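In: Dropping a prediction and its sequence here:
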Amino acid sequence: MSEQSAFKSNWEDYKKRRLIFRVIFLSYIPAELLIGVPLSRAHHSIPFVLFIIWGAGFVFSRTYMSVWKCPRCKRKFFMKGLYYNGFARKCLHCKLPKWTLSDPVQTRTPGGVGGGRRKASPYPDPGGKRSARPW
């Protein structure tokens, strides 16, 4: 399997997990209105039971989505230790941007854009010391 197809399948898995979470999250009020309210006439605890079932589904789907692993480093994309960021645009470990289909680190040329070693600066060093400039 090529790297691009591996990344793509991982992102498809993330999309599936996110869809499951969104469906469960958005289903609570319609479920209460369509099921809980009519059945509450039969027994007053039906809305509470629906809330408990929905809450368990919400916690499960949120956990299932948050432990999704990064395609590059295979660590949790949205979690680092106890810190969680569900809106992260990059992996909290390796900084892989969200939705990237290939590893940008492996696709770079050796030595960077210019390739090879750094050229000497045409500017004199102040005070005869080496400059702290990165170029």
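Out: Yes, it's here. Numbers count the residues shown, from 1 in each chain.

In: going forward, measure contacts between C-alpha atoms and count neighbours the same way
Out: OK.

In: Which residue ranges of the protein form strands?
Out: Using DSSP state E, the strands of the chain run over 79-80, 83-84.

In: Check which helices and strands the helix or strand of the chain with the lowest mean pLDDT sits against.
Out: Sorted by mean pLDDT, DSSP states H and E, the helices and strands of the chain end with helix 37-40, the least confident at a mean of 81. Other helices and strands packing on helix 37-40, by 3 or more Cα pairs under 8 Å, 6 or more residues apart in numbering; DSSP states H and E, are helix 46-66.

In: How many neighbouring residues does the nearest residue to residue 73 once chain neighbours are set aside have?
Out: Once flanking residues are discounted, residue 73 sits nearest to residue 94: 6.5 Å by Cα to Cα, 6 or more residues apart in numbering. As a burial measure, residue 94 scores 13 neighbours (other Cα atoms under 10 Å).

In: do residue 79 as well
Out: 19.

In: in this structure, which ranges drop under the pLDDT threshold?
Out: Counting by pLDDT under 70, the ranges of the chain that qualify are 1, 105-135.

In: 90 instead?
Out: The chain contains residues with pLDDT under 90 at 1-7, 28-51, 81-82, 84, 86-87, 99-135.

In: quick check: longest helix of it.
Out: Taking DSSP state H as the criterion, the chain has its longest helix at helix 3-31.

In: For residue 64, give me its contacts.
Out: residue 17 (Cα atoms under 8 Å, 6 or more residues apart in numbering).
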